[in-house]
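Student: Make a model of this:
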Amino acid sequence: MTELATDTFYPHPPAKVWRALTEPDLIARWLMPGDFRLEAGHRYRMQVPPLPAAGFSGTVDAEVLGFEPGRSLRVAWTDAVSGETWTLAWTLHAEGHGTRLFLHQTGGPGLERAAGIMRGGWRGRIAGRLSEVLHGL
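Tutor: From the prediction side, this is the model:
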């Protein structure tokens, strides 16, 4: 089992960050479009262009595993082509005048193969896109 863990500080209150993690139109702007609902057991599909270098088809079948409103969200992702499965857990902590957002991701061999690319993605491009969405709220 491979694990990726990262955290990012956002100068926005936890309620605002929570909105960006749980409102489908906002999720689509920083991550991937899909029919997300904040409901344990809800299954949905997200799709973006594939990342062949990371072994990622671009199509993700997802399921909400659980959540604590305003505090944490756990989601399972399965690559619709390879069948590779990951679990993502976001945790929000109020910090000063903002929020520290922690991400813990676990998965099998495909995650290990893509770890370098994904670490850069979560900390770089995706964190930046989330920041842009938060600044626009």
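Student: On the pLDDT front, check the most far-flung residue of the chain relative to its centre for me.
Tutor: The C-alpha centroid of the chain is most remote from Gly96, which lies 23.4 Å away (C-alpha atoms, centre = their mean). Looking at Gly96, its pLDDT reads 96.
Student: All the strands of this protein, residue numbers only.
Tutor: Assigned by DSSP state E, the chain shows strands spanning 2-10, 43-47, 59-68, 72-79, 85-95, 98-107.
Student: okay if I get those strands as CSV plus mean neighbour count and distance to Leu26?
Tutor: Heads up, the C-betas are built off the backbone N, CA and C, glycines and all. As requested, those are exported to CSV (neighbours: other C-beta atoms under 10 Å; distance: least, C-beta to C-beta, whole Å):
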stretch, mean neighbour count, distance to Leu26
strand 2-10, 16, 13
strand 43-47, 15, 13
strand 59-68, 16, 16
strand 72-79, 18, 13
strand 85-95, 17, 13
strand 98-107, 18, 14
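Student: on that earlier part again, backbone dihedrals for the residue farthest from the centre of the chain, please?
Tutor: Recorded main-chain torsions at Gly96 are phi 60, psi -120, according to degrees, to the nearest 10.
Student: same thing with Ala80?
Tutor: Torsion angles, degrees, to the nearest 10, at Ala80: phi -70, psi -20.
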